[in-house]
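# take this sequence and fold it.
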Amino acid sequence: MSEPSLPHGQATPSYDALANGAVETGVEESLARITRLAAQALGMPMAWFALAGAGGHRLQSCFGGTPSAAFPPAGLVADAIGPDGVTVVMPAVLDALGVRFCAGVSVPGPDGKRAGTLCVLDAEPRALDDSGRAMLADFAVLLERELAAAALRRQAARQQDKETAARALFDHLPEGVMMLDESGVILACNAVAETMYAATRHGLVGRNSNDFVGEDPARLRASLEAGKTDQLQAIARRVDGSVFPAEFSIKLLQTSGTYRYSLAVRDISARRAEERKAQAAEARRRKYFVTATHELRTPMASVLGFSELLLKHDFERDERIDIIGVIHRQATRLVKLINEMLDLARIDSGCKEEFDLRPQDAGALLQQTVTGLDGLHASSRIRMTVAPALPQVRADSVKLQQALTNILSNAIKYSAADSAIQVDVFETEAAGGPMIGFRVTDQGIGMTAEQQARIFEPFYRAHSDQDTAGTGLGMTIFKEIVDLHGGVVRIDSRPGAGTEVLLLLPAVAAAH
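Next comes the predicted model:
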């Protein structure tokens, strides 16, 4: 006879828990086992179980032979199922399939609707008594429970996936987040909050949030009672007792009649540091403006005063030339002062993006700088020693030459005309990495410790009593340029023993 079945692989789950994918291997084996036991318990040579889907019934499991291209129409059996849930069908259409007996029972789903049909079959006519009907119904209950269990497992797995995704999102938020109960006790928190408060895994759960507000926890409590606040700033306290500035945002959540609070915490240490930096820069600019006004007034007064003398009086040629020379020198100083003030203003604004930082040959940069000093008629005094096989230095060529020019000019101005100035370029380790060092050593008048402490202040001149030109901005500009290169400056000087200025800049890592 023809064996009632569908080809393998065509079975589809029937209701929501199984409708979105193939039946799991474990469930498939359980359904096949129950189908086989039903046939054996009722003494039938064949049994099948079909799931009801949108396109009709599809065979899920079959016992009693190798599945072929057809099986008794499940819909026909299902339509004939009686009030007791069991039907015995022996229509002529089954005879054509070689089936003389077929008894079916409906298998309900969680919603009470039919999930499928269990049938037992025989090639010979036979009867099914009340005991057999009850037994067939019991096997249908087993199938119902197995399908329900599979649906629950699917639902639990989907819920677990949702919770895992939500937790991953929760942990990857850029700010610390805590869930609090009505009294402020922490019920849950993300990994960012644990890191922020230097706590171990789950080290915050169960503790009161007031323990982590180091400044006026009553403010936080008042916000909790109000239900919501934005950008409440306070000092937060870590588990180890250290503190940091934080910004809190609190929102009231009401679920199932229970009040909960979502507390977002942002570490604003970087923001506060930027604010302090901006405030310091503003204070520095104000002081700089006041000092600059005074520094500009002096050469301007000279230019105005001596030019008025020329306008009001007739001088001898030599006297007139002397006065014009004074005006020229003061005007030159004024222009230089304005240019350096503009340079310093641009650098002080922190415009590092304006620096063209790229790998540079340190020895070549030094040579170009010294060549540019020919106008001082002192480049012959400079002795250069450049270590061989130096790695490149990461620098802005123009700005670094400006910085080197400033320290070399000082070495020339504040040392005897017949003394040598030594410049060494070498590689060293500092600040945790390879650095290129520029060391300038003169035999000049040197500085006291007090003068060294103020050497980078705008308009400060350590030797203002000396008859040397200068604006007092050269070393300030030098230091700002070095800072924006990520470099380090060290000065060693003693009165009458000369000065050594050491400039260290990051070296470019060698390519492997």
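# list the contacts of Thr35.
With contact taken as CB atoms under 8 Å, 6 or more residues apart in numbering, Thr35 is in contact with Ala47, Trp48, Phe49, Ser61, Cys62, Phe63, Leu118. Placement of C-beta: from N, CA and C, glycine included.
# show only the entries of these found in strands.
Ala47, Trp48, Phe49, Ser61, Cys62, Phe63, Leu118 (DSSP state E).
# need these in CSV with distance to Gly203, neighbour count and pLDDT, can you?
Listed next are these as CSV, based on distance: CB to CB, whole Å; neighbours: other CB atoms under 10 Å; pLDDT from 0 to 100:
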residue, distance to Gly203, neighbour count, pLDDT
Ala47, 58, 26, 90
Trp48, 58, 29, 87
Phe49, 53, 26, 88
Ser61, 52, 25, 85
Cys62, 57, 26, 86
Phe63, 57, 22, 88
Leu118, 55, 30, 89
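# thinking again about what came up before, would you format the contacts of Thr35 as a markdown table with distance to Gly104 included?
Formatted as a markdown table, those follow (distance: CB to CB, whole Å):
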| residue | distance to Gly104 |
| --- | --- |
| Ala47 | 10 |
| Trp48 | 10 |
| Phe49 | 10 |
| Ser61 | 14 |
| Cys62 | 14 |
| Phe63 | 15 |
| Leu118 | 7 |
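# which of the ones in strands among the contacts of Thr35 sits closest to Arg133?
Leu118 (12.2 Å; CB to CB).
# okay, the closest one and Phe355: tell me how far apart.
The spacing between Leu118 and Phe355, counted by CB to CB, to the nearest Å, is 81 Å.
# same check, this time on Val335
If you go by CB to CB, the gap between Val335 and Phe355 works out to 25 Å.
# the more surrounded of these two?
Taking neighbours as other CB atoms under 10 Å, Val335 and Phe355 compare with Phe355 leading, 16 against 11.
# if we can go back for a sec, ok, so of the ones in strands among the contacts of Thr35, who is nearest Arg454?
Ser61 (92.6 Å).
# chain center to the helix or strand where Glu450 lies: distance?
Assigned by DSSP states H and E, Glu450 belongs to helix 449-453. Relative to its chain's centre, helix 449-453 lies at 43 Å (CA atoms, centre = their mean, to the nearest Å).
# which parts of that helix are buried?
If you call a residue buried by 16 or more other CB atoms under 10 Å, then helix 449-453 has these buried ones: Gln451, Gln452.
# C-alpha coordinates for that helix, CSV please?
Output in CSV follows, covering the C-alpha atoms of helix 449-453 (Å, rounded to 0.1, in the frame of the first residue of the first chain):
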residue,chain,number,x,y,z
ALA,A,449,66.4,81.1,40.7
GLU,A,450,63.8,83.9,41.0
GLN,A,451,64.4,85.1,37.5
GLN,A,452,64.2,81.5,36.1
ALA,A,453,60.8,81.1,37.9
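# ok, then the element right after it?
helix 474-484.
# that next one - contacts with which helices or strands?
Helices and strands in packing contact with helix 474-484 are listed as helix 317-348, helix 397-413, strand 488-493; criterion 3 or more CB pairs under 8 Å, 6 or more residues apart in numbering; DSSP states H and E.
# so which of those is the most surrounded?
Comparing these by mean neighbour count (mean count of other CB atoms under 10 Å), helix 397-413 comes out on top with a mean of 21.
# so for that helix, mean pLDDT?
For helix 397-413, the mean pLDDT works out to 88.
# now do stretch 176-183
Rounded mean pLDDT across stretch 176-183 is 84.
# with just CA atoms, put that stretch into PDB.
In PDB, the C-alpha atoms belonging to stretch 176-183 read as follows (Å, rounded to 0.1, in the frame of the first residue of the first chain):
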ATOM      1  CA  GLY A 176      26.600  55.900  34.400                       C
ATOM      2  CA  VAL A 177      23.000  54.900  35.000                       C
ATOM      3  CA  MET A 178      21.400  53.600  38.300                       C
ATOM      4  CA  MET A 179      18.000  52.400  39.100                       C
ATOM      5  CA  LEU A 180      16.900  53.400  42.700                       C
ATOM      6  CA  ASP A 181      14.000  52.500  44.900                       C
ATOM      7  CA  GLU A 182      11.900  55.000  46.800                       C
ATOM      8  CA  SER A 183      14.500  55.400  49.600                       C
END
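# looking at the protein, which helix or strand does the model trust least?
Across the helices and strands of the chain, mean pLDDT, DSSP states H and E gives its lowest value to helix 16-19, namely a mean of 40.
# and the following helix or strand past it, what's buried?
Downstream of helix 16-19, the first helix or strand assigned by DSSP H and E is helix 25-42. Within helix 25-42, the residues that count as buried by 16+ other CB under 10 Å are Val27, Ser30, Leu31, Ile34, Thr35, Ala38, Ala39, Leu42.
# so Leu37 sits against Phe139, correct?
Yes. Between Leu37 and Phe139 there is a contact under CB atoms under 8 Å: 6.9 Å.
# which residue is nearest the centroid of this structure?
Centroid-nearest residue in the chain: Pro174, 7.2 Å away (criterion: CA atoms, centre = their mean).
# got the phi and psi for Lys113?
phi -80, psi 160 (degrees, to the nearest 10).
# packing partners for the longest strand anywhere in the chain?
In the chain, with assignment by DSSP E, the single longest strand is strand 243-255. With contacts taken as 3+ CB pairs under 8 Å, 6+ apart, strand 243-255 sits against helix 217-226, strand 228-237, strand 258-267, helix 269-312.
# now, of these, which is deepest in the fold?
Per stretch, and counting mean count of other CB under 10 Å, the top mean among those goes to strand 258-267, which has a mean of 18.
# between it and strand 243-255, how many degrees?
In terms of direction (axes from the mean of the first three to the mean of the last three CA atoms, to 10 degrees), strand 258-267 departs from strand 243-255 by 150 degrees.
# which strands and helices lie in contact with strand 258-267?
strand 176-180, helix 191-196, strand 243-255.
# any chance of the ones you listed in CSV, with distance to Ala123 too?
Below are the helices and strands packed on strand 258-267 laid out as CSV (distance: least, CB to CB, whole Å):
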stretch, distance to Ala123
strand 176-180, 66
helix 191-196, 66
strand 243-255, 61
